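S.K.: Here you go, sequence then predicted model.
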Amino acid sequence: MSQAYLDAQMRSQDDREAYWLDAAQAIEWQVPPVRAWSEGEGWFAGGLMNTCHNAVDRHVAAGRGDDLALIYESPVTDTHLTFSFAELQDAVARTAGMIADQGVGKGDRVILYMPMVPQAVIAMLACARIGAIHSVVFGGFAAPELAKRIDDATPTLLMTASCGIEGSKVIPYKPLVDKALQMAIHRIERVILLQRPQAIAPMQEGRDLDWADTLAEAQPVDCVPVEATHPLYILYTSGTTGTPKGVVRQNGGHAVAIAWSMAHIYGIRPGEVFWAASDVGWVVGHSYIAYGPLLAGATTLLFEGKPVGTPDAGTFWRTIVRNNVRIFFTAPTAIRAVRKEDPEGDYIRQIGTGNLRALFLAGERADPDTIHWAEAQLNLPVIDHWWQTELGWPALATCFGLGDTRRKAGSAGFPVPGYGFRVVDDGGVDVAPGETGNVVMTLPLPPGCYAGLWNNEAGFAKAFAGFPGHYETGDAGHVDADGFVNIMGRTDDIINVAGHRLSTGQMEQIVACHPLVSECAVIGVDDALKGMVPMAFVVARTGEWDAAALGAEIIKAVRDELGPVAALKDVHIVGALPKTRSGKILRAALRQVAAGETIAMPATIESPAALEAIMEIFAKVE
């Protein structure tokens, strides 16, 4: 354990006020805050700043205008572009002028329904530049889901592109936008459309404006100072009722926390290249594509492609070497996809990893087998870390930038300075080390965490009502004897089998260790005798195997590890698991199918055919 981490963690808890005021000095303020935390107001209340200025303009003013700010890698369109800080400043200032020309000002909302193109990041920064609140909706999201977000955010303007590209498929966006605008109650008078050559979309006269033509007529505008507590963005995440929750992030706390994390968690220095292989529609894309690297004066890499198939399982390593990436961040699902296509790591040996220092994983629990494979192939630290859309930046991690390299496969690490963790039972009493319980955080949450839910005060309050004085993460986990925190999955993934609380995440960890298993999901299903029993869905590796024998071996492995109480008897070998576009397995949908419920195809699904195939399995059983 590094002394730097221990000192930071202790000071962030014992002298929170001084710690975060010191951290705030990494940000340029028009009016510096005199307090860090103010109850009822939030972080750095009274301070005035601008996030775009801190991400772009201040680096130009410091003489770094020629330094590299943004790299755009698009293997799906065979495009490679770069922007210096000066070039990015010009593009952002002109785009901000274009947005302002449509009547958008401070506090107005702008919906961005965009693919992974530079204009998406530029538009996010442009909104921040004038104090507008952006809400990025994942490009290609279903029209009804886009309509829900339009009605909730009531935006003045919608900005979109004619299409996105998913692997080898061109996804037209404009028909989805047109349908969503017809469905929405809220009226949007202006749509700015970026025409991509892969699919030219028709324009609606009187409403639609061509992005390139409108931008050419716009004049650059300066940054508008805003209060630290002014919203930077609204990002919608799925709600339990089917209604999306609009997570609100404030400017000041976000800038301070994200800049802190770049230096102290990821160890990135100004001028270095950081790559988060995510999408701007997700929180990782906000924190660590659009904002984090730029706030740190580093270079951000924007990637339009897939881990495999664009063109092959070597695309990650090729991109890393070509662009001198120092820290790489992706989801465990992506690494599993690479492993399935290249189990022996041939591409890694052929291409190398250049000057890469570490691989960070997040977005879902990283099973130990995947971590062990990646570390063996890359010969680099592979660091799992954990956070949520609501939090906005990592809460559990190995703080690589603080000289810490401790890690244990299966654990997300240790509390990041600023976060206070407890693992408690349903009554709020701390559980013993190693025992699974509810993961909660002491209040106040550190800077950068969500300040509310848009138009949903009751929903926001609910997250703090279950355990007074704490934020309820909704995840279950335990702390081991060495202090490592293990997040085992959502609390509804803890199943009660004949009175025994068992983690399906722990079972997944055992199943994933089988040499023939590529990936898996374990869910709890109702059982008349035991209350609940586990059921496994497994994607097998390519090669020869017998389904019945493989299922029997998996059942034996779980029984050997956890004992007969685990009661795993059903193993289904499937071609693929249903996932969201961000790579998360749709376990709730699997539970519904297994329970015989009729379900609508989830709006976030990336692979409807995978879910349909599983539905057919159960239809035949019936």
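M.R.: Perfect, I can see it now.
S.K.: Buried residues of stretch 565-578, list them for me.
M.R.: Neighbour-count burial for stretch 565-578 flags 566, 567, 568, 571, 572, 573, 574, 577, 578 (criterion: 16 or more other Cβ atoms under 10 Å). To be clear about C-beta, it is placed using only N, CA and C from the backbone, and glycine gets the same treatment.
S.K.: and if you look at stretch 17-32?
M.R.: Using 16+ other Cβ under 10 Å as the test for burial, stretch 17-32 gives 19, 20, 21, 23, 24, 26, 27, 29, 32.
S.K.: do stretch 235-255 as well
M.R.: Under 16+ other Cβ under 10 Å, the buried positions of stretch 235-255 are 235-238, 244-255.
S.K.: Helix or strand for the spatially most central residue of the chain, just tell me which one.
M.R.: By Cα atoms, centre = their mean, the chain has its centre lying nearest to residue 284, at 3.6 Å. Secondary structure from DSSP states H and E places residue 284 in helix 283-285.
S.K.: just residue 72 next, same as before
M.R.: Under DSSP H and E, the secondary-structure element containing residue 72 is strand 68-74.
S.K.: for this structure, where's the lowest mean pLDDT among helices and strands?
M.R.: Using mean pLDDT, DSSP states H and E, the weakest-scoring helix or strand in the chain turns out to be strand 500-503, at a mean of 70.
S.K.: Can you name the element that comes right after that one?
M.R.: Strand 500-503 is succeeded, C-terminally, by helix 504-512 (DSSP H and E).
S.K.: How far off centre is that next one?
M.R.: 22 Å (Cα atoms, centre = their mean, to the nearest Å).
S.K.: Let's test this: mean pLDDT of the helix or strand following that helix, rounded?
M.R.: Using DSSP H and E, the helix or strand that follows helix 504-512 in sequence is strand 517-527. For strand 517-527, mean pLDDT is 89.
S.K.: Tell me which residues of the following helix or strand past strand 517-527 come out buried.
M.R.: Tracing the chain past strand 517-527, the next element assigned as helix or strand by DSSP H and E is strand 531-540. Of all the residues in strand 531-540, those buried under the rule 16+ other Cβ under 10 Å are 532, 533, 534, 535, 536, 537, 538, 539, 540.
S.K.: same deal with stretch 164-180?
M.R.: The neighbour-count check on stretch 164-180 (16+ other Cβ under 10 Å) flags 164, 165, 166, 172, 173, 174, 176, 177, 178, 180 as buried.
S.K.: What of stretch 333-344?
M.R.: By neighbour count on 16+ other Cβ under 10 Å, the buried set for stretch 333-344 is 333, 334, 335, 336, 337, 338, 339, 340, 341, 342, 343.
S.K.: if I look at the third one, how far off is residue 327?
M.R.: Using Cβ to Cβ, to the nearest Å, one gets 15 Å for the distance from residue 335 to residue 327.
S.K.: Please list the members of the buried residues of stretch 164-180 that lie in helices.
M.R.: 174, 176, 177, 178, 180 (DSSP state H).
S.K.: Out of these, which is nearest to residue 95?
M.R.: Distance to residue 95 across those (Cβ to Cβ) is lowest for residue 177, with 18.9 Å.
S.K.: and the gap between that closest one and residue 367?
M.R.: Distance of residue 177 to residue 367, computed by Cβ to Cβ: 38 Å.
S.K.: for the stretch 51-200 of the chain, which spans come out with low pLDDT?
M.R.: By pLDDT under 70, the stretch 51-200 of the chain has no low-scoring segment.
S.K.: how does it look with 90?
M.R.: Scanning the stretch 51-200 of the chain for pLDDT under 90 picks out 138-145, 166-168.
S.K.: quick one, strands of it?
M.R.: Assigned by DSSP state E, counting those that start in this stretch, the stretch 51-200 of the chain shows strands spanning 68-74, 79-84, 109-114, 133-138, 157-161, 163-166, 169-172, 190-194.
S.K.: isn't residue 417 right next to residue 401, touching?
M.R.: No - with contact defined as Cβ atoms under 8 Å, residue 417 does not reach residue 401; the gap is 11.1 Å.
S.K.: farthest pair in the buried residues of stretch 17-32?
M.R.: Maximum pairwise distance among the buried residues of stretch 17-32 (Cβ to Cβ): 17.2 Å, between 19 and 29.
S.K.: all strands of the stretch 401-550 of the chain, in order?
M.R.: Using DSSP E, counting those that start in this stretch, strands in the stretch 401-550 of the chain cover 414-415, 421-424, 437-442, 452-453, 470-479, 485-490, 494-497, 500-503, 517-527, 531-540.
S.K.: wait, which of those strands is closest to residue 10?
M.R.: It's strand 414-415; of the strands of the stretch 401-550 of the chain, that one is closest to residue 10 (Cβ to Cβ) at 11.4 Å.
S.K.: What strands line up against that closest one, and which way round?
M.R.: strand 396-397 (antiparallel) (DSSP bridges).
S.K.: average model confidence for the strand it pairs with?
M.R.: On average, strand 396-397 scores 98.
S.K.: Figure out how far it is from the centre of its chain.
M.R.: 14 Å.
S.K.: Which residues outside that strand are in contact with it?
M.R.: With contact meaning Cβ atoms under 8 Å, 6 or more residues apart in numbering, strand 396-397 is reached by 265, 360, 383, 385-387, 412-416, 419, 421, 485, 487.
S.K.: returning to that earlier point: wait, which of the strands of the stretch 401-550 of the chain is closest to residue 596?
M.R.: Among those, strand 517-527 sits nearest to residue 596 (Cβ to Cβ), with 9.4 Å.
S.K.: Residues contacting that closest one, please?
M.R.: So strand 517-527 is contacted by 333, 336, 339-340, 493, 495, 497, 504-505, 507-508, 511-512, 532-541, 554, 567-568, 570, 577, 585, 587, 590-591, 594-595 (Cβ under 8 Å, 6+ apart).
S.K.: 7 Å instead, please
M.R.: Here strand 517-527 makes contact (Cβ atoms under 7 Å, 6 or more residues apart in numbering) with 336, 340, 495, 504, 507-508, 511-512, 532-541, 577, 585, 587, 590-591, 594-595.
S.K.: Which positions in stretch 556-564 come out as buried?
M.R.: Within stretch 556-564, the residues that count as buried by 16+ other Cβ under 10 Å are 557, 558, 559, 562.
S.K.: Once you drop chain neighbours, what's closest to residue 300?
M.R.: In this structure, residue 300 finds its nearest non-sequential neighbour in residue 293, 3.8 Å apart by Cβ to Cβ, 6 or more residues apart in numbering.
S.K.: any idea how far the helix or strand hosting the one you found is from the chain center?
M.R.: Taking DSSP H and E as the definition, residue 293 sits inside helix 292-295. Put simply, helix 292-295 sits 16 Å off its chain's centre (Cα atoms, centre = their mean).
S.K.: From the contact counts, what lies against that helix?
M.R.: In terms of contacts (3 or more Cβ pairs under 7 Å, 6 or more residues apart in numbering; DSSP states H and E), helix 292-295 is packed against helix 251-264, strand 299-303.
S.K.: Residue 68: neighbour count?
M.R.: By the measure other Cβ atoms under 10 Å, the count of residues near residue 68 is 20.
S.K.: Spit out the contact partners of it.
M.R.: The contact partners of residue 68, by Cβ under 7 Å, 6+ apart, come to 82, 84, 299.
S.K.: Among the residues you listed, pick out the one closest to residue 139, please.
M.R.: Here the nearest of the contacts of residue 68 to residue 139, counting by Cβ to Cβ, is residue 82; it sits at 22.6 Å.
S.K.: leaving aside the residues next to it on the chain, what's closest to that closest one?
M.R.: Nearest-residue entry for residue 82: residue 71, 5.4 Å, with adjacent residues in sequence omitted and distances by Cβ to Cβ, 6+ apart.
S.K.: how much space is there between that neighbour and residue 304?
M.R.: Counting by Cβ to Cβ - residue 71 and residue 304 are separated by 12 Å.
S.K.: So what's the residue count around residue 597?
M.R.: The number of residues packed near residue 597 is 9, by other Cβ under 10 Å.
S.K.: pLDDT and distance to residue 479 for the buried residues of stretch 17-32 - can I get that in CSV?
M.R.: Output for the buried residues of stretch 17-32, formatted as CSV (pLDDT from 0 to 100; distance: Cβ to Cβ, whole Å):
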residue, pLDDT, distance to residue 479
19, 98, 23
20, 98, 25
21, 98, 30
23, 98, 26
24, 98, 31
26, 97, 31
27, 97, 33
29, 98, 37
32, 98, 38
